[in-house]
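Visitor: Here is the input, now give the coordinates:
(chains A, B, C and D)
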Number of protein chains: 2
Amino acid sequence: MSPAQKPKTSAKGLETRDRIVDVAVRFIARNGARGTSLADIAAEAGVSQTGLLYHFRSKEALLNAVMDRHLAFSEEWLWGDGPDPGIKIVDIIAKHMTSWPSQHDGKVASLLGMNTVVLGENVSPDTDLHPRLVDGYRTTIDRVTATLRSAQERGEMREDIDPQLKAMEIIAFCYGLEAAWLVDPTIPVAAAAAQWAAQQTRQLATASATS
Amino acid sequence: MSPAQKPKTSAKGLETRDRIVDVAVRFIARNGARGTSLADIAAEAGVSQTGLLYHFRSKEALLNAVMDRHLAFSEEWLWGDGPDPGIKIVDIIAKHMTSWPSQHDGKVASLLGMNTVVLGENVSPDTDLHPRLVDGYRTTIDRVTATLRSAQERGEMREDIDPQLKAMEIIAFCYGLEAAWLVDPTIPVAAAAAQWAAQQTRQLATASATS
DNA sequence: ACAAACCGACTGAGTACTCGGTAGCTTCTG
DNA sequence: CAGAAGCTACCGAGTACTCAGTCGGTTTGT
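Guide: This is a model prediction of the structure:
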């Protein structure tokens, strides 16, 4: 009945675990979970395949750890600047998108790529990660909806726009532009994001709230 | 030097080929190309695996046939109502999206699902279908851009909006909403599409063009 | 001494694809 | 107009390979 199990992993173990997840994110972002073998990940992370399976009892367990990291990243991406940004959420999104082109080979790109790849691999309802995908999506929609609704209550945002439908639209745009940029990194993401944010702000804002 | 090779396939052969592609689209939409074996497809199509490989010399060849069908579908989806719809393109898109919820298990859903799944599997530049993906994306963007530009020339659309960036935004929204709907078919796609189209039209139209 | 961290060798279930055929239809030939 | 020849359309049984996961061990830190 002890409430918390003793953490039986040493600092070294945690470090290895972390390195494995890092590598897994990179590989999965490129080739998908189905296109990445445990052997590939293990080799790149500097352990044997058996060593990897010591830390993660199965591929599915590793995939869940990867998903954890992805969700944490998404969380930070949207809400890192404050819990209730109101209609400034579109500016926050545009700001983050502007930094994409300079990081096409970095950690951020991997986490973004993973989003697209993992979603593609788990659209089917009977896949391992599908429930977490649905859950993550709904949570995000709910939080964006809440932010927009409170903006309406503060008088920042027009009342004749449905917050939930607008939240869906915003998230769809994010996801779609991300996918487009992954497929073709030469597209002008920053400019597209800037125009989008400017027009959204004009559309959402009440006349009195324009500074 | 005979300019056209004789079509060596009989009517029966073409029919079987077609049936195989049909089945492949369904399977790939659910489990991805990597998650679908030739044996699965062959069994469902009522041929042996060897029989399948008689019609498509390799899995990659079959995947390309599947991609052909997808591109033809996308073409019809966007331009089936006429080659130059102007800013009414947003209404056309919204109209098609409205019909999604009633077809979640049909052929359309398969072709839509395939889009997301195949994109996820081919974000990496060194995959078989990646060049075709990039090509398809750029072609679509160019055509939407051209439509918007000619709308500007006709005075239907405001001049202070960049047509290419707006085209990217429109396609991103389409793709993002499609992905969201595949993951969670309970979301109100029709309502989201309707609100989006109405707001886009208001934003794009010149004051003189409003009827 | 003891447990966490790790490894080499293996297994069994897939996987795409090949090989050597056969059934049935059309077409050419004596 | 018989029948040989040739073609498309298919199949059963393999082949070489990859994959996630197991087993029985050894090393390393404290």
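Visitor: Who are the contact partners of the most centrally placed residue in chain A?
Guide: Taking CA atoms, centre = their mean, the centroid of chain A lies closest to A:Ser74, which sits 3.3 Å from it. Shown in contact with A:Ser74 (CB atoms under 8 Å, 6 or more residues apart in numbering or on different chains): A:115, A:136, A:140. Glycine gets a C-beta too; all of them are placed from N, C-alpha and C.
Visitor: One more: A:Leu112?
Guide: By CB under 8 Å, 6+ apart, the neighbours of A:Leu112 are A:29, A:100, A:178, A:182.
Visitor: Which strand or helix spans it?
Guide: helix A:107-121 (DSSP states H and E).
Visitor: Show me which positions of that helix end up buried.
Guide: The neighbour-count check on helix A:107-121 (16 or more other CB atoms under 10 Å in any protein chain shown) flags A:108-121 as buried.
Visitor: Let's see that helix as CSV, backbone CA atoms only.
Guide: Coordinates of the C-alpha atoms in helix A:107-121 are reproduced here as CSV (Å, rounded to 0.1, in the frame of the first residue of the first chain):
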residue,chain,number,x,y,z
LYS,A,107,14.9,19.1,-32.2
VAL,A,108,11.9,21.2,-32.9
ALA,A,109,11.5,19.9,-36.4
SER,A,110,11.7,16.4,-35.1
LEU,A,111,8.9,17.0,-32.7
LEU,A,112,6.8,18.7,-35.3
GLY,A,113,7.5,16.0,-37.8
MET,A,114,6.6,13.4,-35.3
ASN,A,115,3.2,14.9,-34.9
THR,A,116,2.3,14.5,-38.5
VAL,A,117,3.9,11.0,-38.8
VAL,A,118,2.3,9.6,-35.7
LEU,A,119,-1.1,11.0,-36.6
GLY,A,120,-0.8,9.4,-40.0
GLU,A,121,0.0,6.1,-38.4
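Visitor: could you give me the average pLDDT of it?
Guide: Regarding helix A:107-121, the rounded mean pLDDT is 89.
Visitor: and the angle for that helix with helix B:107-121?
Guide: Interaxial angle, helix A:107-121 versus helix B:107-121 (axes from the mean of the first three to the mean of the last three CA atoms, to 10 degrees): 150 degrees.
Visitor: hang on, A:Val183 packs against B:Glu121?
Guide: No. Using CB atoms under 8 Å, A:Val183 is not in contact with B:Glu121; the gap is 11.6 Å.
Visitor: any common contacting residues for those two?
Guide: Common neighbours of A:Val183 and B:Glu121 (criterion: CB under 8 Å, 6+ apart): none identified.
Visitor: about what we covered before: rebuild the buried residues of helix A:107-121 as a markdown table, extending it with distance to DNA strand C.
Guide: Converted to a markdown table, the buried residues of helix A:107-121 look like this (distance: CB to the nearest atom of the strand, whole Å):
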| residue | distance to DNA strand C |
| --- | --- |
| A:Val108 | 27 |
| A:Ala109 | 27 |
| A:Ser110 | 22 |
| A:Leu111 | 24 |
| A:Leu112 | 28 |
| A:Gly113 | 24 |
| A:Met114 | 23 |
| A:Asn115 | 25 |
| A:Thr116 | 22 |
| A:Val117 | 19 |
| A:Val118 | 20 |
| A:Leu119 | 21 |
| A:Gly120 | 17 |
| A:Glu121 | 14 |
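Visitor: roughly how far is the host helix or strand of A:Cys174 from the heart of the chain?
Guide: Using DSSP H and E, A:Cys174 falls within helix A:163-183. Distance, stretch centre to chain centre, for helix A:163-183: 12 Å (CA atoms, centre = their mean, to the nearest Å).
Visitor: And for the helix or strand that it is followed by, what's in contact with it?
Guide: Counting by DSSP H and E, the next helix or strand C-terminal to helix A:163-183 is helix A:189-204. With contact meaning CB under 8 Å, 6+ apart, helix A:189-204 is reached by A:87, A:90-91, A:93-94, A:97-98, A:100-101, A:148, A:151, A:157-158, A:161, A:166, A:170, A:173, A:177, A:181, B:161-162, B:165-166, B:168-169, B:172, B:199, B:203.
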